[in-house]
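A.B. asks: Any chance you could fold what I've pasted below:
(chains A and B)
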Amino acid sequence: MGITRRAALCGLLTAGATAVNITPSSAAALPAPPADAVGLLYDTTLCIGCKACVVACQDANGLPRDPTGIDARYDAPVDLNYRAKNVIKLYHDGDRRSFVKVQCMHCVDPACVAACMLGALKKREFGIVSYDVDYCVGCRYCEVACPYGVPKFQWASSTPRIVKCELCNHRLAKGQEPACTEVCPRHAVIFGKRADLLTEAKRRIAENPGRYVDKIYGETDGGGTQVLYLSHVPFDKLGFPDLGDQPAAQLARSVQHGVYRGFVAPLALFGVLGMIAFRNQSHEGADGEKGAEGTL
Amino acid sequence: MRTHAAPMGGPLITPATRLFAGLFGLGAIAIAWRLLAGLGSATALNDGYPLGLWIAFDVVTGAALACGGYAVGILVYILNKGKYHPVMRPAMVTSALGYTLAGVGVGLDVGRWWSLWRVPLFFWRWNFNSALLEVALCIMAYIAILWLRLAPALLEPYLSGADSPWRRRATTFSRIIDKLSVPMIALGLVLATMHQSSLGTLMLLAGSRLHVLWRTPLLPLMFLVSCISMGYAVVVFESAFSSVAFKRKPEIDMLAGLAGAMVPTLWIVIALRVGDLLWRGQFGALFAGDGRSVMATLEVVFFLVPVVMLASPAQRHDLGNLVRASMAMIFAGALFRFDTFLVAFMPGANWRYFPSVSEMAVTIGLVAFEVLAYIIIVKTFPILSGHTLPERQAV
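C.D. replies: Have a look, this model is predicted:
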């Protein structure tokens, strides 16, 4: 019986043990953005914090106002929420200050998409991470997954949806650009193909030595994003997480895929357990009693 | 029937069942409010902490506590320990009830609950990158398997009546389930192995927002092994509870054996937890002195408590000690899951979460319903076996 027992334990631990060999492989190639990827390029040195983009976004997306402050007369959302897909935040520390625009980063390999059970959140046309409410059950796992804290939930509703920037894909379909880039008086945020925006960002850094931190956030961060940032203050001050080059979903996915590759481990486990249970049913039990026979 | 199980009988309406029904009633009011007014009104959940008490306790801890069927199933069917056969049925009943209520917990927690039916049926939409999808599908299938396997036991009283076409159909159905027992046992064990480990994968997707003390690829294995320990603990606790409640002679040898099986699984959990921190070079993070490091240390300490309490055979044969040790085990496993889902999650400094009164009312109500249903089922159906003492106390 000893051999059977050992086989059983080995079988049971197969699934978990496979995970031991898995570390996020740095050798894995970085995901490539889709060929038609579009995005935004935001430049902190140009933004004056007028928040025209915040209002334009609300209008373009039919979002309700988010009044706060004394008398609730300021329409000034302090962070992304179910009424604000785009906000401007301010970092300031003495003389150092910078505005920063916050909206969906449209990751090349998004964690929210990895999380979503039926693909309600998915990279669709132009690589835009868009939302299809028909396949959403409101589990909010996307909110757990997103390293930027972007997807928001309509908490006040009894028929809630997820709210996030979809890069004005309804406007793109009509040949217009996103509302935030259209309205920006200083072109602090511009819209274009991701490849062109990356070239433009590199040009600005090269032509203005000392003006920017020597980094384009989103070029490779978290596997790359379709929204790119140039900044004159370190990115961590603006609230950007240091994700490295690996997609945020990599760790969870390598565990999940390592264990379930080709569904071999579960099938093998089923076969081994079935054989052992069958043998036990037709043999005397180890402790001299009749084994697991009959019902339950 | 080879199991010699018998209904406990006795009145169904007693002070105890009234109490549990009352608690469930309060929970039902909170459930109605959640469904009508939405999650924002009924819960303290927010965009920083989108998952709260219902996921961490009702679903994740609840599913682990419902592992009795899985844990005893491994002993009985795989390790061929036939002597534990008598606890198989009660363990299956708690598993079926526990998983069903975990399913109800999910239904209340998701915002668009009326869309849930699409998850198992829209197979062409399945996202195999989603650990949550795997958990959802496995748990749904597992609930079905548990109730199907229990069906013959629940049909037993009905089958003994006078012959009728429906009775004959039910008899055939029970026979088919019996014939399929081996593949169903194997499938059940595989499904439980899959979703119990994947519950540990869930929070890994939070990546850098999951505290480094918990951010390990071994989390699924830790969840799997600790759920087996919790399964034994629940069966011990429940058997002890039944022996007192129904005035039955406790099967102390069997419970001592289960407690003995619990100890090595606990050592594996502790070894994994500590070994993983050493291997990743994060052991020092246990002594950072902040709230999260204290919670992680407490986890290890509380996993050690039942090990110490169950160290000697004498301790394992002391019914009171067994109950206390299994409660300590349940607490340790629950703490590990609360930590992973709530404490370890770092959405940002400005977010706070503490469950609302109605969230707690729902959780208490669902647990009360489970206990109530267990009492009614063991009184009505042949679940418990063993010797009943002459004087029977009503529960």
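
A.B. asks: Going by proximity to chain A, name the top residue of the stretch 201-350 of chain B.
C.D. replies: Proximity of the stretch 201-350 of chain B to chain A (Cβ to the nearest Cβ) peaks at residue B:221, 3.3 Å away. Every residue, glycine included, has its C-beta placed from N, CA and C.

A.B. asks: Next, work out how far apart that residue and residue B:271 are.
C.D. replies: With the distance defined as Cβ to Cβ, to the nearest Å, residue B:221 ends up 11 Å from residue B:271.

A.B. asks: quick one: which of these two has more around it?
C.D. replies: Between residue B:221 and residue B:271, counted using other Cβ atoms under 10 Å in any protein chain shown, residue B:221 has the larger neighbour count: 25 against 11.

A.B. asks: same question for the helix or strand that one falls within, mean pLDDT?
C.D. replies: If you go by DSSP states H and E, residue B:221 is part of helix B:219-245. Per-residue pLDDT values across helix B:219-245 average out to 91.

A.B. asks: And the average pLDDT for whichever helix or strand comes after that helix is what?
C.D. replies: As assigned by DSSP H and E, the chain's next helix or strand after helix B:219-245 is helix B:252-279. Regarding helix B:252-279, the rounded mean pLDDT is 93.

A.B. asks: Report all helices and strands that helix B:252-279 contacts.
C.D. replies: Contacts defined by 3 or more Cβ pairs under 8 Å, 6 or more residues apart in numbering or on different chains; DSSP states H and E place helix B:252-279 against helix B:219-245, helix B:291-309, helix B:313-316, helix B:319-338.

A.B. asks: most tightly surrounded among the ones you listed?
C.D. replies: Most buried of the helices and strands packed on helix B:252-279, by mean neighbour count (mean count of other Cβ atoms under 10 Å in any protein chain shown): helix B:219-245, with a mean of 26.

A.B. asks: how about the residue in the stretch 151-296 of chain A that chain B sits nearest to, secondary structure?
C.D. replies: Relative to chain B, the nearest point of the stretch 151-296 of chain A is residue A:155 (3.1 Å; Cβ to the nearest Cβ). Here residue A:155 is recorded as coil under DSSP: H, G, I helix; E, B strand; the rest coil.

A.B. asks: Neighbours of it, how many?
C.D. replies: Residue A:155: 20 surrounding residues under other Cβ under 10 Å.

A.B. asks: can I assume it is in contact with residue A:83?
C.D. replies: No. Residue A:155 lies out of contact with residue A:83 (Cβ atoms under 8 Å); the separation is 11.1 Å.

A.B. asks: I'd like to know how many residues surround the closest residue to the residue of the stretch 151-296 of chain A closest to chain B other than its chain neighbours.
C.D. replies: Ranked by Cβ to Cβ, 6 or more residues apart in numbering or on different chains and with sequence neighbours excluded, the top spatial neighbour of residue A:155 is residue B:40, at 3.1 Å. The local packing of residue B:40 (other Cβ under 10 Å) involves 18 other residues.

A.B. asks: do the same with the one 4 residues further on
C.D. replies: When neighbours are defined as other Cβ under 10 Å, residue B:44 has 17 of them.

A.B. asks: Dihedrals phi and psi, it?
C.D. replies: The phi and psi values for residue B:44, taken as degrees, to the nearest 10, are phi -100, psi 10.

A.B. asks: In contact with it, which residues?
C.D. replies: Residues in contact with residue B:44 (Cβ atoms under 8 Å, 6 or more residues apart in numbering or on different chains) are B:52, B:353, B:354, B:355, B:356, B:359.

A.B. asks: The fifth one and residue A:223, how far apart?
C.D. replies: According to Cβ to Cβ, residue B:356 stands 37 Å off from residue A:223.

A.B. asks: who's more crowded, the two?
C.D. replies: Set residue B:356 next to residue A:223 and count neighbours by other Cβ under 10 Å: residue A:223 wins out with 23 against 17.

A.B. asks: Residue of the stretch 51-200 of chain B closest to chain A, please.
C.D. replies: Closest contact between the stretch 51-200 of chain B and chain A, by Cβ to the nearest Cβ, is at residue B:111 (2.4 Å).

A.B. asks: sorry, back to before: kindly provide the distance from the residue of the stretch 201-350 of chain B closest to chain A to residue B:300.
C.D. replies: 16 Å.

A.B. asks: same thing with residue A:213?
C.D. replies: Counting by Cβ to Cβ, the separation of residue A:213 from residue B:300 is 42 Å.

A.B. asks: repeat for residue A:255
C.D. replies: For residue A:255, the distance to residue B:300 - Cβ to Cβ - is 22 Å.

A.B. asks: How about residue B:66?
C.D. replies: Distance, residue B:66 to residue B:300, using Cβ to Cβ: 25 Å.

A.B. asks: out of the contacts of residue B:44, who has the most neighbours?
C.D. replies: Neighbour counts for the contacts of residue B:44 (other Cβ under 10 Å) peak at residue B:359, which has 24 neighbours.

A.B. asks: That one belongs to a strand?
C.D. replies: No. Counting by three-state DSSP, residue B:359 is not found in a strand; it is helix.

A.B. asks: Going by neighbour count, list what's buried in stretch A:223-236.
C.D. replies: Of the residues in stretch A:223-236, A:223, A:224, A:225, A:226, A:227, A:228, A:229, A:230, A:231, A:233, A:235 count as buried by neighbour count, 16 or more other Cβ atoms under 10 Å in any protein chain shown.

A.B. asks: Quick one: residues contacting the first one.
C.D. replies: Yep, that's residue A:223 we're talking about. Applying Cβ under 8 Å, 6+ apart, we find residue A:223 in contact with A:30, A:31, A:107, A:108, A:109, A:245, A:246, A:247, A:248, A:250.

A.B. asks: can you narrow those residues to ones near chain B?
C.D. replies: With Cβ under 8 Å from any Cβ of the partner chain as the criterion, the contacts of residue A:223 include A:248, A:250 near chain B.

A.B. asks: And the contacts of residue A:223, which of them are buried?
C.D. replies: Among these, the ones that count as buried by 16+ other Cβ under 10 Å are A:31, A:107, A:108, A:109, A:246, A:247, A:248, A:250.

A.B. asks: how about the residues you listed in CSV, adding pLDDT?
C.D. replies: Output for the buried ones among the contacts of residue A:223, formatted as CSV (pLDDT from 0 to 100):
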residue, pLDDT
A:31, 81
A:107, 96
A:108, 96
A:109, 95
A:246, 88
A:247, 90
A:248, 83
A:250, 84
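
A.B. asks: rewinding a little: the residue of the stretch 201-350 of chain B closest to chain A reaches residue B:200, doesn't it?
C.D. replies: Yes. Using Cβ under 8 Å, residue B:221 makes contact with residue B:200 at a distance of 7.3 Å.

A.B. asks: number of nearby residues for residue B:286?
C.D. replies: Using other Cβ under 10 Å, residue B:286 has 18 other residues around it.

A.B. asks: ok, for residue A:132, nearest residue in space, not its chain neighbours?
C.D. replies: Spatial nearest neighbour of residue A:132, excluding adjacent residues (Cβ to Cβ, 6+ apart): residue A:120 at 5.2 Å.

A.B. asks: Could you do residue A:73 as well?
C.D. replies: Nearest residue to residue A:73 in three dimensions, chain neighbours excluded: residue A:67, at 6.2 Å (Cβ to Cβ, 6+ apart).

A.B. asks: thought the one you found was touching residue A:74?
C.D. replies: Yes. Applying Cβ under 8 Å, one finds residue A:67 in contact with residue A:74, separated by 6.3 Å.
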